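Enquirer: Got a predicted structure plus its sequence, pasted below:
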Amino acid sequence: MVFADRLQFAFTLMFHYLFPIITMGLGVFIAYFATLEFFTGEERYGVAARFWTKIFAVNFAVGVVTGIPMEFQFGTNWSQFSGFAGGVFGLTLPMEGTFAFFLESGFLGLFLFGRGRVPRWVHWMSALAISMGSLLSGYFITAVNAWMQHPVGYTVGPDGRLQLTSFWAVLLNPYVGWQYAHVICGALVAGAFIVAGVGAFYLLLDRHRNFARQAVTAGVLAGLVLSLLQLFPTGDGVGHNVTQMQPVKLAAMEGVFNSETGAPLAILGMPDTQNGTLLDPVVVPKALSFLAYGSFGAKVTGLNQVPRTDWPPVEVTYYAYHIMVGLGTIFIALMLLGAALYWRRHLFDQRWYLWMLMLAVPFPLIANEAGWTVAEVGRQPWVIYGLLRTAAGASPNVSAGETVFTLLGFAGLYLLLALLYLLLVGRIIAQGPEDEEVAA
């Protein structure tokens, strides 16, 4: 039963999360182009802002639709978890809808339809509000997740349920800072690749060349900076949080079975949980100890030092982590290459590189999904780390058959939504920017 509940939540979450990634990523680019238009008066920036807002709007709408079933699952499949901890996260989670959602949705309509009907500064501020709303939404959701990773600001009531003692302790959880920075940076990397990839698509078709050059330039240069920030300091900061607060997750991420002083960093390898070893490893000596603790001689705790009942699913955690890191390394290399071509004034005429940019668009989404898989699967067997096991959080009166049946229904519905989404976004891209004279 618990496996079916987890499978359904994982499916709905991972499908839904694709759309907030894009809205958070594109929201900042919309604000950037709208700001350039406001201060320079150049129409080409306004054309870009309105084009990306159309794609943003489709993602926003599908994200809302796919997010609703997740909320209901707290009451249907995870009633024990909701009853135990709802007194804490029951305040933070609704704030995402009360503040961020309405900020985002309200000003989205104003920006799309208010041009020429409201003052220029109001139209510009609406673009900033769209971006702020998407970023604020991400913060509230990340704060809830960070509390599940590192619970703070609570006490256990006489009925055995958690009660909130400090709202600010939850909102300013020491775990949330680097986690939020890493999440937003990952979304912005995805946004940069989308902007650059669509621009590359137009250049390959020899359409909307001015718009395309602007998109490729902004995407590549921003993508380079953001990809580096994703590695350091945000990725490093999250790694230190995991090291200090969830050492078992660190061991699963790196495939460390035996505690070791001067532990090596595994670049490649296959975890064998049955025998407790990493098969055919390619390692950097002592690098893990340095990255985790700042000392080449530091001791890293292995999985064999804790009961197997406290192990997360090691293979899933390990491979998802290495997919994320591997793709992140590729992003840095790809954007470094693009920056070099830009510096040599060959960024727009190298078709092989434009093909690479266009085909790379899905991979930041995969990297973001892999990162969340590490965060959530690596936390197991706890739904609230150290307080409530996942098995104890499920609803006792919902059968596995019912959950699987509704999961199949979600799968069919989400397939239709995915096809509709691709059709709408494809149509926007096929139509191109609205002002042909500026974008040609």
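Expert: Yes, it's here. Numbering: from 1, shown residues only.
Enquirer: What pLDDT does the model give Glu436?
Expert: At Glu436, the pLDDT value in this model is 52.
Enquirer: Repeat that for Ser134.
Expert: For Ser134, the pLDDT comes out at 92.
Enquirer: Looking at stretch 283-297 now, give me its mean pLDDT.
Expert: Stretch 283-297 shows a mean pLDDT of 93 in the predicted model.
Enquirer: Burial check on the nearest residue in space to Met356 that is not next to it in sequence, number of neighbours?
Expert: Nearest residue to Met356 in three dimensions, chain neighbours excluded: Leu334, at 6.5 Å (Cβ to Cβ, 6 or more residues apart in numbering). Placement of C-beta: from N, CA and C, glycine included. Residues near Leu334, counting by other Cβ atoms under 10 Å, number 21.
Enquirer: so how far is the host helix or strand of Leu334 off the chain centroid?
Expert: Leu334 belongs to helix 314-343 when elements are defined using DSSP states H and E. Relative to its chain's centre, helix 314-343 lies at 15 Å (Cα atoms, centre = their mean, to the nearest Å).
Enquirer: now stretch 338-355
Expert: Relative to the chain's own centre, stretch 338-355 is displaced by 28 Å; criterion: Cα atoms, centre = their mean.
Enquirer: Need the residues that contact stretch 130-139.
Expert: Outside stretch 130-139, the residues within contact range by Cβ atoms under 8 Å, 6 or more residues apart in numbering are 20, 23-24, 27-28, 30-31, 53, 56, 96, 99-105, 107-108, 111, 176, 180, 183-184, 187.
Enquirer: Which secondary structure elements does the helix holding Leu334 sit against?
Expert: Taking 3 or more Cβ pairs under 8 Å, 6 or more residues apart in numbering; DSSP states H and E as the contact definition, the neighbouring helices and strands of helix 314-343 are helix 176-205, helix 209-229, helix 247-254, strand 265-272, helix 351-359, helix 362-377.
Enquirer: Within the sheet, what are the partner strands of the next helix or strand after the last one, with directions?
Expert: Proceeding N to C from helix 362-377, the next assigned helix or strand is strand 382-384, under DSSP H and E. Within its sheet, strand 382-384 is paired with strand 388-389 (antiparallel), according to DSSP bridges.
Enquirer: List the buried residues for whatever helix or strand comes next after the strand it pairs with?
Expert: Towards the C-terminus, the helix or strand next in line after strand 388-389, according to DSSP H and E, is helix 390-393. For helix 390-393, a neighbour-count test (16 or more other Cβ atoms under 10 Å) marks Thr390, Ala392, Gly393 as buried.
Enquirer: Dump those into JSON lines; add distance to Arg213 as well.
Expert: Converted to JSON lines, the buried residues of helix 390-393 look like this (distance: Cβ to Cβ, whole Å):
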{"residue": "Thr390", "distance to Arg213": "50"}
{"residue": "Ala392", "distance to Arg213": "56"}
{"residue": "Gly393", "distance to Arg213": "52"}
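Enquirer: Could you save those as TSV and add columns showing distance to Val282 and pLDDT?
Expert: TSV is the format used below for those (distance: Cβ to Cβ, whole Å; pLDDT from 0 to 100):
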residue	distance to Val282	pLDDT
Thr390	33	96
Ala392	39	95
Gly393	38	94
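Enquirer: quick one: contacts for Tyr190?
Expert: Tyr isn't right for residue 190; it's Ala. Residues in contact with Ala190 (Cβ under 8 Å, 6+ apart) are Ile21, Ile22, Gly25, Pro364, Leu365, Asn368.
Enquirer: which one is the second one nearest to, not counting chain neighbours?
Expert: Counting by Cβ to Cβ, 6+ apart, the nearest residue to Ile22 once its immediate chain neighbours are dropped is Asn59, at 4.5 Å.
Enquirer: C-terminal to the particular helix or strand that has that neighbour in it, what's the next element?
Expert: Take DSSP H and E as the rule and Asn59 turns out to sit in helix 43-76. Stepping forward along the backbone from helix 43-76, the first helix or strand reached (DSSP H and E) is helix 79-95.
Enquirer: ok, and what's touching that next one?
Expert: So helix 79-95 is contacted by 74-75, 140-141, 143-144, 147-148, 151, 153-154, 157, 160-164, 167, 170-171, 383-384, 387-388, 392-396 (Cβ under 8 Å, 6+ apart).
Enquirer: before we move on, what about stretch 199-207?
Expert: Applying Cβ under 8 Å, 6+ apart, the external contacts of stretch 199-207 come out as 208-209, 211-216, 219, 348, 351, 354-355, 357-358, 429, 432.
Enquirer: Buried residues of that stretch, list them for me.
Expert: Gly199, Ala200, Phe201, Tyr202, Leu203, Arg207.
Enquirer: Serialize those to TSV and add fields for pLDDT and distance to Asn275.
Expert: Compiled in TSV, the buried residues of stretch 199-207 are given as follows (pLDDT from 0 to 100; distance: Cβ to Cβ, whole Å):
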residue	pLDDT	distance to Asn275
Gly199	98	50
Ala200	98	47
Phe201	98	48
Tyr202	98	53
Leu203	98	52
Arg207	95	57
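Enquirer: Quickly name whichever of the buried residues of helix 390-393 is closest to Gly235.
Expert: Set against Gly235, the nearest of these by Cβ to Cβ is Thr390 (26.0 Å).
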